[in-house]
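Asks: Show me how the following folds:
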Amino acid sequence: MFGLRSAAKQPGSSTSAADTLIFLVIVAVAAATRLAFLDLVEFSDDEATIAGLAISFLEGRSLPLVGNVSSVGIHNPPGLIWLLAIPVAFTHEPALITGFIGLLGVGAVLLCYRLCD
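Replies: This next block holds a predicted model:
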């Protein structure tokens, strides 16, 4: 794929050392870029609003049916609030909440690699 392999992978063939190395480098770069320096992450008004809505959701005050207002004035879907309810149930620390999103990003890279393999 993308010039990394000279021949198509045959069913039942084993993974070569080069494929394994490429996979490990991709995962390492994905993890480093998403999970390094979480203490320096920007957690501003938008992020705090979404975290606050996730807290309200967990406390049973409201079921969010829309998300925060986007820059063009329309409401985003509530999926991010529902997703952030998972880490917010355990911590209100912004760096750890951001780390959860980073882990989801690494998982997305793994899934894309697996689907394209």
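
Asks: Every contact and neighbour count from this point should use C-alpha atoms.
Replies: Fine.

Asks: Quick one: low-confidence residue ranges for the protein.
Replies: 1-15 (pLDDT under 70).

Asks: ok, longest helix in it?
Replies: helix 94-116 (DSSP state H).

Asks: Next, count neighbours for Pro87.
Replies: A total of 19 residues lie near Pro87 under the criterion other C-alpha atoms under 10 Å.

Asks: isn't it right up against Ile101?
Replies: No: using C-alpha atoms under 8 Å, Pro87 makes no contact with Ile101, being 9.2 Å away.

Asks: before we move on, the earlier item: who touches the longest helix of the chain?
Replies: Identification of contacts with helix 94-116 by C-alpha atoms under 8 Å, 6 or more residues apart in numbering yields 1, 23, 27, 30-31, 34-35, 38-39, 41, 43, 84, 87-88, 91.

Asks: Same question for stretch 51-65.
Replies: Pro77, Pro78, Ile81, Trp82, Leu84, Ala85, Val88, Ala89.

Asks: Selection in PyMOL covering whichever of those residues are buried, please.
Replies: Remark: buried members of the contacts of stretch 51-65, expressed as a PyMOL selection using 16 or more other C-alpha atoms under 10 Å:
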select buried, resi 78+81+82+84+85+88
